Structure formats: C-alpha cells, structure tokens
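*Asks:* Give me the fold of what follows.
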Amino acid sequence: MTDGLGSVRQPPQHPALGARPHQGRGLDERAVLRIGLLLTAAFVAAALVAFALPGAGRGHWAGVHFALAGAAMVAVGTFMPHFGATLAGSRPESAPLRLGGVGALASGAVLVVSGIVSQATAIAFAGAGLLWFGVAITAWTTLRPGTRSLARRHPVARAAYGVALLEVAVGIGLPLLLLLGWEPAVSSWVRLKTAHVWLNLFGFISLTISATLVYLYPTVLGARIRAHATLAAMIGGGIVGPALVAIAAILGSYLIAVAGGLLAVVGALGQVGYGLDVYRRRGRWTTDHGWHRVTIGHLSAGMAWYLLAAATAAVGLLRDGPAPSGWGLGALGIPLIAGWALQVLVGAWTHLLPAVGSVEPVARARQRRLLGRLAVPRLVLWNAGVLVAWLGLGLGSLPVALAGTAAFSLVVASSVGLALSALLPERRRETRAAGH
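*Replies:* Reported below is the predicted structural model:
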C-alpha cells in the first residue's frame, strides 16, 4: 500500500500483539489467536460434513449449530477480547484465561450439538453451562482492558459488544426451557424459537460483526478510521432492532415486531453506507493483490448479503407477524449464514492470520500469497453459489439449491484448507526453532 508519495507503506502492527513478542515462553497472545483460528476452522469443516450427511442425526440442524454455536462463538471468543484490547490501546488479559474462555465455548458447542442430536439432555445442559461460562470470560476479557486508567475509551464499540454478549446469553437459555419440558415454553416454542433466532443471528452474531467492521473494514482497505453519519444507524439499528423483534415474538406484538425489523434494516443500510464511505477512501497496494482482493471481497459481499437478509426478514415480519405457525429459518439461513456470517469470518481470518501466524516477514509474505490464491474465482463461485442456493430453496427447486450449496461449500472447504496450510507449517517451524 502506498502513502501517496510512491513509497510502500507497511500495514500497522496490532497493538495487542506487540512489536515482536518472544517465542518459546509458553502461552502468549499469538498462541491463543492461533489456537482459536484452528478451532474455528475445525468447526466450519464440521458444519460442512454435517450438511453433507443430513441423514446422520439431524445433519442440517447440526450443521447450522456447528457453524453458529461452534465457529461463530469460538471466533468471537478468540478475537473479541483481542479487538477490545487493541481498541483500548491496553494490554490484553492473561493468555491462560483467554484460552480457557475459547476452550469453554468450543467444548460447550460440541456438547450442545451432541446432546441434542443424541437426545441426551444432561449433555446438552452441560454444554450450555460451558457456553455461558465462555461468554462470561469473553465479556470480562473484552471489556476489562478498556477500564484501565490510561486506556482509550470507545463506548459505542463496548456497548455493542456488551449487548451482543447479553443477547447470546439469553439466546442460549431459551431452548433449555424447552428441554426442561416447561409447559409454557413447550406450548409457545414457535414464539421462543423466533426470539432465539433473532437474538443469536441478527443480534449476537450480526451485531458483533458490525461493531468489529467499524474498525476492521478500514484497516483491511487501508483507510483512516473516522466517524461517519451512518455509524449511528449501523450500531443503533443493530442494537435495538433484533432485541425488539425478540421481545415482540415473546409478547406476540405485531407492531413492535415490525418496528424492530425495520430498525434492523436501518442498521444494515447504515453498515452498507459506512462501507461505501470507507471504500471511497481505500488505499492502493503494490503487492499481495490476491490477498487484498479476497479479504476486501468477502467483507464487502458479506455486508450486501446481510442487507438482503435483513430486508427479507423484515418483509416476512410485515406479512406474517413475529411468530407464524410453523415458522423456521428456512431459506433465509443461506444469505445469513453462508453469505454473511461465514463469509465475513473467512475474510477476517484471511486478513488476521498472517499477523498471528508468524513474526517473520518472509513467512507472512508466503502466507499472504497462499491465502490469496485464485482470489477472483473463489469470490465469484462463493457468492454465485449463495445466490443460486437461495433462489433454489425459495423456488422449491432442490437440484438448483443443491448445485448452489455445492458451489459455495467447495470454496468454504478450500478456504479452510488454505488457512490450515498457512498456519500449521509455520507453527511446526517455530517449534523446531524454539527447540534449538
């Protein structure tokens, strides 16, 4: 990236990582981030396998929850505390505590999915307890660095992260009421299921991504981070909209649900507006073009898919109310999960992996080249596949939906493989070097 005078400008170092951390001294910030990346990629792979084997124990349900309760929550537990410390300009919380939170989220997700699929309620409850424990650690390690005396204050980001974690804590608890057999929850599960989806997907995951994109997107595009008029709509709509829909679903209020859905759309529109402002001010690069295309392309396309998904969901609320009989996520899961959540996750880890995978410039350059392979074909195939799969499900054409799903699944699998290839060899080399 050039500085406008023709010279190459180096990307900024993540403050929480330090200029050049010591290696071979046990668990550190980089080790936590590497382990979190590996676990996240493993959950994405597990989700693909579960979707490919739908007959093996509620495969589609398991696939969705491996992708969301697994990959998304582990990614949040890994990187939200890192970004919290980076924003505050303060040291992160201890690496063992961080890794404990990531481990609790990962093991909790596995137990919840395993317990539900095998109908072992005790296992599912144990998993939910671990998820709550992991969320509590994530909240502490994210918000604590910003309370130190010399820390920079970012109240908007802190508020968004805090609300997102509160939403997922409530969202985890709602299905447990059904598992307990509590009669009001059993008889009103359609309404609670709507609240569960809005709190977790439109609330926790989407709000976390939106708050992170406020500073990650300018960083990826090489633009200065600055306030913009769309930020209020982006964060305000993301905080208030999904919460209102969840409350409306529980209360059965049509007007509150429609208001919440419209506010969610306002948040998505604000995000696109913010992204356009950043894109107009983007930097120019002289190297690693494929790597930059992949990261920018995935994050940009994800914003567009979220807007489409939020608008579609709002139309559904306007037409059917907050909890129609037999409601389910259905076709809306394609743009929300594949187009938005997973795509932004892959774009984010593609950008961050070279920063956490090695401290050697040559190794980082190799990682960027590897992660940027076939950038344009991968972006086109992923997003065309999401579109075809969504249209196929919406039109009731299973062959079309399967063709689209196979297309973007192929790119997801290749992205996981590239991430592992970029990360694991560096870890082995660093281990050998530490042994000398």
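*Asks:* phi, psi of Ile137?
*Replies:* With angles defined as degrees, to the nearest 10, Ile137 sits at phi -60, psi -40.
*Asks:* For it, give me the pLDDT.
*Replies:* Predicted confidence (pLDDT) for Ile137: 96.
*Asks:* so Asp28 makes contact with Ala95?
*Replies:* Yes: contact criterion CB atoms under 8 Å: Asp28 and Ala95 qualify, at 5.5 Å. In short, each C-beta sits where N, CA and C put it, glycine included.
*Asks:* which intervals of the stretch 301-436 of the chain have sub-threshold pLDDT?
*Replies:* 357, 425-436 (pLDDT under 70).
*Asks:* try it again with 80
*Replies:* Across the stretch 301-436 of the chain, the ranges flagged by pLDDT under 80 are 323, 325-328, 355-359, 423-436.
*Asks:* Quick one: the helices in it, in order.
*Replies:* For the stretch 301-436 of the chain, the helices defined by DSSP state H, counting those that start in this stretch occupy 333, 342-357, 361-371, 375-395, 398-435.
*Asks:* need those helices in CSV with mean neighbour count and distance to Val272, can you?
*Replies:* Output for the helices of the stretch 301-436 of the chain, formatted as CSV (neighbours: other CB atoms under 10 Å; distance: least, CB to CB, whole Å):
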stretch, mean neighbour count, distance to Val272
helix 333, 23, 21
helix 342-357, 25, 13
helix 361-371, 18, 26
helix 375-395, 19, 15
helix 398-435, 17, 21
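*Asks:* looking at those, which is closest to Ala195?
*Replies:* Smallest distance to Ala195 across the helices of the stretch 301-436 of the chain (CB to CB): 16.7 Å, for helix 333.
*Asks:* what sits up against the closest one?
*Replies:* Contacts of helix 333 from elsewhere in the structure, counted by CB atoms under 8 Å, 6 or more residues apart in numbering, are Val64.
*Asks:* how does it look with 10 Å?
*Replies:* For helix 333, the external contacting residues (CB atoms under 10 Å, 6 or more residues apart in numbering) are 60, 63-64, 67-68, 197, 201, 309, 339, 341, 389-390, 393.
*Asks:* same check, this time on stretch 180-191
*Replies:* 121, 125, 174-179, 192, 195-196, 246, 248-252, 322-328.
*Asks:* ok, 8 Å please
*Replies:* Stretch 180-191 is contacted by residues 174, 177-178, 192, 249-250, 252, 322-327 when judged by CB under 8 Å, 6+ apart.
*Asks:* Just the buried ones among these, please.
*Replies:* Among the contacts of stretch 180-191, the ones that count as buried by 16 or more other CB atoms under 10 Å are Leu174, Leu177, Leu192, Ala249, Ile250, Pro322, Ala323, Trp327.
*Asks:* Any chance of JSON lines for these, columns distance to Ser414?
*Replies:* Shown next, in JSON lines, are those (distance: CB to CB, whole Å):
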{"residue": "Leu174", "distance to Ser414": "35"}
{"residue": "Leu177", "distance to Ser414": "40"}
{"residue": "Leu192", "distance to Ser414": "38"}
{"residue": "Ala249", "distance to Ser414": "38"}
{"residue": "Ile250", "distance to Ser414": "41"}
{"residue": "Pro322", "distance to Ser414": "39"}
{"residue": "Ala323", "distance to Ser414": "39"}
{"residue": "Trp327", "distance to Ser414": "34"}
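*Asks:* Out of the residues you listed, list just those in strands.
*Replies:* Secondary structure from DSSP state E places none of these in strands.
*Asks:* Could you give the number of residues near Ile256?
*Replies:* Residue crowding around Ile256 was assessed by other CB atoms under 10 Å; the count is 18.
*Asks:* Return the residues in contact with it.
*Replies:* Leu244, Val245, Ile247, Ala248, Pro322.
*Asks:* Same check on Ser90?
*Replies:* Contacts of Ser90 by CB under 8 Å, 6+ apart are Pro145, Gly146, Arg148, Leu150, Ala151, Arg152.
*Asks:* If you count neighbours, what's buried in stretch 95-103?
*Replies:* Ala95, Leu97, Arg98, Leu99, Gly100, Gly101, Val102, Gly103.
*Asks:* can you map out the helices along the stretch 151-300 of the chain?
*Replies:* Per DSSP H, counting those that start in this stretch, the stretch 151-300 of the chain carries helices over the ranges 155-179, 183-187, 189-197, 206-221, 230-251, 254-280, 289-320.
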